[in-house]
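Colleague: All I have is the shape, not the residue letters:
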């Protein structure tokens, strides 16, 4: 029987890696089909998926939505600099950015600015409104530089397993 000790770090074998690869591609696949694709029967496949979920390898399942159909076709990257580099400034910015629905991703980075923000909006007018009325209104924001994407060449959430 396949069994993990919940207190130990998992050592992924080929079945685990294959399960993660398939689920990453299709999170709605049935356990029966998943098992067939990775070479397991249904019950051991279910057990492995549940163990991978409990161990944190699988954080959740979601649907990929069409940005174009939801009027969010423009991707803009924004380099944000804060007026001071302090723990409190960073914490305040982190809290404020969570409230902005247009922001898909935000990273604290090294270099000549503090945060890199990825936002999705309808068009440039919507971006200007977002920038002026929301992002630049966040306390502590000193400056920003915007980079609008002309074309998406590659976009994936897949992680090499």
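Modeller: Perfect, thanks for sending it. No experiment lies behind these values; they were computed from the predicted model shown.
Colleague: Contacts only, for residue 103.
Modeller: The neighbours of residue 103, taking Cβ atoms under 8 Å, 6 or more residues apart in numbering as the test, are 97, 117, 118, 119. C-beta here means a position set from N, CA and C on the backbone, and glycine is covered the same way.
Colleague: In what element of secondary structure is the closest residue to the third one other than its chain neighbours found?
Modeller: When the adjacent residues along the chain are set aside, residue 118 lies closest to residue 105, with 4.1 Å between them (Cβ to Cβ, 6 or more residues apart in numbering). Assigned by DSSP states H and E, residue 105 belongs to strand 103-108.
Colleague: Return the set of buried residues in the following helix or strand past that strand.
Modeller: Counting by DSSP H and E, the next helix or strand C-terminal to strand 103-108 is strand 115-121. Buried residues in strand 115-121, counting neighbours by 16 or more other Cβ atoms under 10 Å, are found at 115, 116, 117, 119, 120, 121.
Colleague: Now do strand 115-121 against strand 103-108, angle only.
Modeller: 170 degrees (axes from the mean of the first three to the mean of the last three Cα atoms, to 10 degrees).
Colleague: Just confirm residue 144 contacts residue 130, I think it does.
Modeller: No - between residue 144 and residue 130 there is no contact under Cβ atoms under 8 Å: 11.1 Å.
Colleague: what about residue 88, which SS state?
Modeller: Assigned with DSSP: H, G, I helix; E, B strand; the rest coil, residue 88 falls in the helix class.
Colleague: Could you pull out the strands in this protein for me?
Modeller: Using DSSP state E, the strands of the chain run over 74-82, 103-108, 115-121, 141-148.
Colleague: about what we covered before: neighbour-wise, which of residue 144 and residue 130 wins?
Modeller: Counted by other Cβ atoms under 10 Å, residue 144 and residue 130 do not tie: residue 130 has more neighbours, with 21 against 15.
Colleague: show me what contacts the more buried one?
Modeller: Residues counted as contacts of residue 130 (Cβ under 8 Å, 6+ apart) are 100, 102, 119, 121.
Colleague: before we move on, the earlier item: which one of the contacts of residue 103 is nearest to residue 12?
Modeller: Among these, residue 118 lies closest to residue 12 (Cβ to Cβ), at 29.6 Å.
Colleague: Distance of that closest one relative to residue 54?
Modeller: Distance from residue 118 to residue 54, counting by Cβ to Cβ, to the nearest Å: 31 Å.
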